[in-house]
Structures are given as structure tokens and as C-alpha cells.
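Participant: this one's sequence-less:
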């Protein structure tokens, strides 16, 4: 999408950094996978280092948290609005998705120091 490279990075990790599908209802199965983050950083930073600013490089872990949070808010808003945007398979599907995304945000924010150390290895 147009705008900061952080959007694409964060959204990719929102989906690819999770241990479970975005509609997993059992939150004990939902974790942010640091190994996936590390491998994605290695490839992404390696390919994008020439055009990423220092500030963007500094904010990669936060981008994963913010885009995951944004998607959780979008799922929750759609649930509260009667499920008019995202297709659903059952009545509380978007609520389950929102809780799932918020669990990932909690994991990401709880590990920011480690995620920064990982991203900095590839700068």
C-alpha cells in the first residue's frame, strides 16, 4: 500500500508471526513467534536496507504491534457494527479474531527489547 514501508512489514508479521490462524479461539495457542520475526527481518532488511530510513529500521517491532492492533480494532469494530465488512463463518467470528489479534499485540509488546535486538542484527 502507499505510505511507509512499516505498513507492509507490520501487516506481514501480523499474519506470519503468529503461531495460530487469525481466528483461533483458544488464546493459549496464540503466540508471536520470534523465529518467524527473525527470519522475516533477515530477508526484509536485507532487501530493503537501501531505502529504509534509520527511523523505519528502529520501528520495525512497533510496526508489527501497531498493525496487529489496528487489525484487531477493525475486527472488533466490524463485530460491533453487525459484521458488515469481513465475511464471517459464525456469529462471534470477528470477536474471536479481535481477541486473537490483541493477544498477539500483548506478546509483541511484552518482548519489544528482544525484538529490537533481533532486528538490529540485520542493520
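Facilitator: Sure, I can see it. What you are looking at is a predicted structure, and each value in this text was computed from that prediction instead of being measured. Numbers count the residues shown, from 1 in each chain.

Participant: Quick check, pLDDT for the residue nearest the centre of the chain.
Facilitator: Nearest to the mean C-alpha position of the chain, by C-alpha atoms, centre = their mean, lies residue 14 at 2.3 Å. Per-residue pLDDT puts residue 14 at 95.

Participant: And for residue 4?
Facilitator: So, for residue 4, pLDDT stands at 89.

Participant: With residue 20 instead?
Facilitator: 98.

Participant: so is it in a helix, a strand, or just coil?
Facilitator: coil (DSSP: H, G, I helix; E, B strand; the rest coil).

Participant: Correct me if wrong: it contacts residue 33.
Facilitator: No. Residue 20 is beyond contact range of residue 33, at 9.9 Å (criterion: C-beta atoms under 8 Å). Backbone N, C-alpha and C define where each C-beta goes, glycine included.

Participant: And the next helix or strand past the helix or strand hosting residue 106?
Facilitator: Element membership for residue 106, per DSSP states H and E: helix 93-110. Using DSSP H and E, the helix or strand that directly follows helix 93-110 along the chain is helix 112-120.

Participant: I'd like to know which elements the longest helix along the chain is packed against.
Facilitator: Longest helix of the chain, by residue count under DSSP state H: helix 60-80. Packing partners of helix 60-80 (3 or more C-beta pairs under 8 Å, 6 or more residues apart in numbering; DSSP states H and E): helix 5-16, helix 34-48, helix 93-110, helix 112-120.

Participant: Next, the buried residues of the second one.
Facilitator: Spelled out, that is helix 34-48. 37-38, 40-41, 44-45 (16 or more other C-beta atoms under 10 Å).

Participant: Stretch 6-25 now?
Facilitator: Quick answer for stretch 6-25 (16+ other C-beta under 10 Å): 6, 9-14, 17-18, 20, 22, 24-25.
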